[in-house]
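# Pasting a predicted model and its sequence here:
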Amino acid sequence: MTIDPEMAEIVKVFFQESREGLDAMETGLLGLGASADTENINTIFRAAHSIKGGSATFGFAEVAAFTHGVETLLDEMRNGVRPVTSEAVQTLLQACDCMREMIAATEAEQPLDQGRIATLNSDITHILGERPNEAPAPASSAPNHGAGPAAPAAGPAASADQSTGWRIAFEPVAELLRLRNEPTRMFAELERLGTFAAQADVSRLPALDALDPESCYLSWTLEVSGQIARAKLDEIFDWVDSHCRLEFTTTGRAAAAVQAAPQALAPSVVPSAEAKAAPAAEAERSPPPATVPVQKAAAESGSIRVATEKVDGIINLVGELLITQSMLSGFADGIDPDDLDRLRQGLSQLARNTRELQESVMQIRMLPISFAFNRFPRIVHDLSRKLSKKVELKLSGEGTELDKTVLEKISDPLVHLVRNALDHGLEIPDRRLAAGKQETGTLELAAFHEGGNIIIEVRDDGAGLNKTKILQKARERGLVAADQELTDEQIDNLIFMPGFSTADQISDVSGRGVGMDVVRRNINDLGGHVQISSKEGLGSTIRIRLPLTLAILDGQLVRVGKEVYIISLLAIVETIQVPRERVNKLVGRTEVFRLREEYLPVVKLCDQFGVEPDSRSAEDGLLVVVEADGKRAGVLVDDLLAQQQVVIKSLESNFKSVSGIAGATILGDGTVALIIDVPGLIRSVVNSSGAISAHAA
Amino acid sequence: MAKKILAVDDSASMRQMVLFTLQGAGYEVVQACDGVEALELARQSAVDLVLTDVHMPRMDGITLVRELRALLNYKLVPMLILTTESSAEKKMDGKRAGATGWIVKPFNPPQLLATVARVI
């Protein structure tokens, strides 16, 4: 295959499409109940078929050969020849995994895992071999992909191969022309092979008034000389051999007369319907025409595939537009009053347009969470088998959309939570029955909007967390002081502490003590929040709160000295003026203040970032109370400025990562303002003065 | 005027390859991703050749050929089905439905062009 760039693009599309096809196969296979749903099997079959066709076309013979077996098995299932057993489904699922790996390896130009391929191949061959009367003959055709158009039916051409000349008696049935098989075009092909002469027999031609213009009344005697292989002739007549009488005679040196014998040919003209009696019988077995599959529109809602970089480019532009707009609105304050109204009007229109544009562009980045949820039927299927547990997976809110980046990064933590719920949460059937529950446990994944956030919940009706055990373990590890009293909720959330695991034995499913803390950190990095609530014996619910997008933030502008910082509005609980008597200095340098019944550490941005403030004492400034991961702190600032949406510019990619700073943005006046990393800031104070969290609690 | 070909396949990569090959050879190509869409397109404007995959959602290629042949405008239009070598009966199904001929998958661009040249 020539490697011109255009073709390389197409091959890329093929890889992408194959992955989607494999996803569809997997979903289909998991949904395959004991009763084979024709529609579903058809979908699975088509996906396999497309992958086979494409991989053969684009020169990936090994993928094509492997997929051929899969396709054959699916074809038999869809034709009702092969029962749909859970073993076969399991093998097919593994085959999907294998194909996925093969495609990934092919794309990365890595060697294939031949051992695995061979194993699965023999599994499939084994299943196919179980009933020998249905001979699918995959082996004969699979290996010679790319060898050119397969010579029509290997059989008849074998004996008479080559001659220096041929005479062909060609007697078409009247219907020949109806399918647009033009004898003249076929003659042109013959002419290309050698010296060609044709003689028409017009004896069957009726009188003009009886002539049907769509019928063929002529027959021909054709002569072609030159070094010509019989296969070449077969190729030319391949499309019509069921619609004519054909007789090939060699006229050249290898003059052994050969009776033409493509199997359907009788020595005389046979109406086409009869000529195909044999294939017709075969057709009985093919799926009844009534099963023309009606695809659910869900998967193909007219979507386009856009490269993320392109979208990011647009988002960047829209960000610039927002900046221009806010610059203009600042400019409007000092202008001739006569023009002011019109300018204001224009500006408000600009603001509205910009906002709308921004929203619609952001929409491009939004993907339904089903992209992340779709993995779970398979994961749950495999895991529950492995753990001998019965689990029903319920998904809801799959259509809830969130930013592509958030979606990609939430996927792994979700997998971890689901595995945990299956491994530690849900009980084995016996224990469930003993506890008076249904044998089959329920695992629910739900996504929905709440305020400006997306909430994802992982709920199970398993055993719940063992609070005694957790608290005991936390005390053993010194995570909680011996005399410290915790609420139930606080105990539950101890499982997110680093190095915490209550698993009695480490399994390969989950439970090495790394995990929940990583899950929490990943979610926090997304600007999200996770917490668990659990009732012993009834189950657990893990609740993840995520921002809709990482690209734009509703911010509160605050001033410290001459600097302007931005704090996410979502993180701000309230802003207060603090009377002196409520501020206490703890041992060390940290100040805390009492807000109602809670002691909160004071974070002085001036010290944190080394800027000169108007005042260093808490009572002269304002305290912005912020919250992250269930912990609160007061951030001391000189003044509150406007609230506005800001476009987040990465500090890492434009400069370098700075602790306490989540990013930067450009304000209307063109100056750069830093966005405060609230969770990071809180972590830094709480870590440097561990006593505070104990007090605060 | 360039000959117009209706290429029908549910696989985007196959469509693109067919499109790329045929356009490179100077044909005008319209595409559809299944039989239903193809039928709709074919009704709207005339084409000189229909090139269709067999296995597709909503309406397969064989049904598409049958439906098209029943249309007055498509009585005389050549139609080729894209098929795999393993499905000999598909060729016959295609013939019965009214297909002019077939192209055996896998094929490369020169093979596709040679086959198309046999009918238009």
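Perfect, I can see it now. Numbers count the residues shown, from 1 in each chain, chains lettered A, B, ... in the order given.

# For the rest of this, base every contact and every neighbour count on C-alpha atoms.
Fine.

# does stretch A:97-113 come close to chain B?
No. Judged by Cα under 8 Å from any Cα of the partner chain, stretch A:97-113 and chain B are separated, with a smallest distance of 14.5 Å.

# SS state for the most centrally placed residue in chain A?
The residue lying closest to the centre of chain A (Cα atoms, centre = their mean) is A:Phe371, at 4.8 Å. Put simply, A:Phe371 is helix when judged by DSSP: H, G, I helix; E, B strand; the rest coil.

# Now for it: which residues touch it?
Listed by Cα atoms under 8 Å, 6 or more residues apart in numbering or on different chains, the contact partners of A:Phe371 are A:Leu407.

# State the distance from it to A:Glu401.
Distance, A:Phe371 to A:Glu401, by Cα to Cα, to the nearest Å: 10 Å.

# same check, this time on A:Pro547
Distance from A:Pro547 to A:Glu401, by Cα to Cα: 11 Å.

# Okay, and A:Ala200 sits in which element?
Assigned by DSSP states H and E, A:Ala200 falls within strand A:195-201.

# Past that strand, which element shows up next along the chain?
strand A:219-229.

# neighbouring contacts of that following strand?
Applying Cα under 8 Å, 6+ apart, the contact partners of strand A:219-229 are A:161-172, A:190-191, A:193-202, A:252.

# Those residues of chain B touching chain A, which are they?
Residues of chain B lying near chain A (Cα under 8 Å from any Cα): B:11-14, B:16-17, B:20, B:55-60, B:75-79, B:84-86, B:89, B:92-93, B:95, B:98-108, B:111, B:118-119.

# Selection in PyMOL covering whichever of these are buried, please.
Here is the PyMOL command that picks out the buried ones among the residues of chain B next to chain A, judged by 16 or more other Cα atoms under 10 Å in any protein chain shown:
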select buried, chain B and resi 11+12+13+14+16+17+20+55+56+57+58+59+60+76+77+78+79+84+85+86+89+92+93+95+98+99+100+101+102+103+104+105+106+107+108+119
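
# Please flag which of the residues of chain B next to chain A sit within helices.
In this view, the residues of chain B next to chain A that belong to helices under DSSP state H are B:12-14, B:16-17, B:20, B:89, B:92-93, B:95, B:111.

# Nearest to chain A, out of those: which one, please.
B:Ser13 (4.9 Å; Cα to the nearest Cα).

# residues contacting that closest one?
Contacts of B:Ser13 (Cα under 8 Å, 6+ apart): A:10-11, A:13-14, A:17, A:54.

# most surrounded residue in those residues?
Sorting the contacts of B:Ser13 by how many neighbours each has (other Cα atoms under 10 Å in any protein chain shown) puts A:Gly54 first, at 28 neighbours.

# Now the biggest helix by length in chain A: buried residues?
Using DSSP H to define each element, chain A has its longest helix at helix A:337-365. Buried residues in helix A:337-365, defined by neighbour count with 16+ other Cα under 10 Å: A:343, A:347, A:350-351, A:354, A:358, A:361-362, A:364-365.

# With stretch A:551-562 instead?
A:551-561.

# List phi and psi for the spatially closest residue to A:Ser55 that is not a sequence neighbour.
The shortest distance from A:Ser55 to any residue other than its chain neighbours is 5.3 Å, reached at A:Ala64 (Cα to Cα, 6 or more residues apart in numbering or on different chains). Reported as degrees, to the nearest 10, the phi and psi values for A:Ala64 are phi -60, psi -40.

# Relative to chain B, how far out is the residue of chain A positioned farthest from its centre?
No residue in chain A sits farther from the centre than A:Ala207, which is 66.2 Å out by Cα atoms, centre = their mean. According to Cα to the nearest Cα, to the nearest Å, A:Ala207 and chain B sit 23 Å apart.

# Next: A:Val646.
A:Val646 is 39 Å from chain B, by Cα to the nearest Cα.

# before we move on, back to that, contacts with chain B among the contacts of strand A:219-229, please.
Near chain B, by the rule Cα under 8 Å from any Cα, you find none of the contacts of strand A:219-229.

# which among those end up buried?
Using 16+ other Cα under 10 Å, the buried ones in these are A:162-172, A:190-191, A:193-194, A:196, A:252.

# Inside strands: which ones of those residues?
A:162-172, A:196 (DSSP state E).

# possible to save those as a markdown table with pLDDT?
Listed next are these as a markdown table, based on pLDDT from 0 to 100:
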| residue | pLDDT |
| --- | --- |
| A:Gln162 | 70 |
| A:Ser163 | 73 |
| A:Thr164 | 77 |
| A:Gly165 | 82 |
| A:Trp166 | 83 |
| A:Arg167 | 85 |
| A:Ile168 | 85 |
| A:Ala169 | 84 |
| A:Phe170 | 85 |
| A:Glu171 | 85 |
| A:Pro172 | 83 |
| A:Phe196 | 84 |
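
# Please enumerate the strands of the stretch 251-400 of chain A.
A:366-368, A:391-396 (DSSP state E, counting those that start in this stretch).

# Mind checking what secondary structure the residue nearest to A:His529 when sequence neighbours are not counted has?
Closest residue in space to A:His529, ignoring its immediate chain neighbours: A:Arg545 at 5.1 Å, by Cα to Cα, 6+ apart. At A:Arg545 the chain is in strand, as set by three-state DSSP.

# gap between the residue in the stretch 451-600 of chain A positioned nearest to chain B and A:Thr405?
Chain B sits closest to A:Thr549 of the stretch 451-600 of chain A, with a gap of 30.5 Å, by Cα to the nearest Cα. Distance, A:Thr549 to A:Thr405, using Cα to Cα: 8 Å.

# More neighbours: those two, which one.
A:Thr549 (21 against 16).
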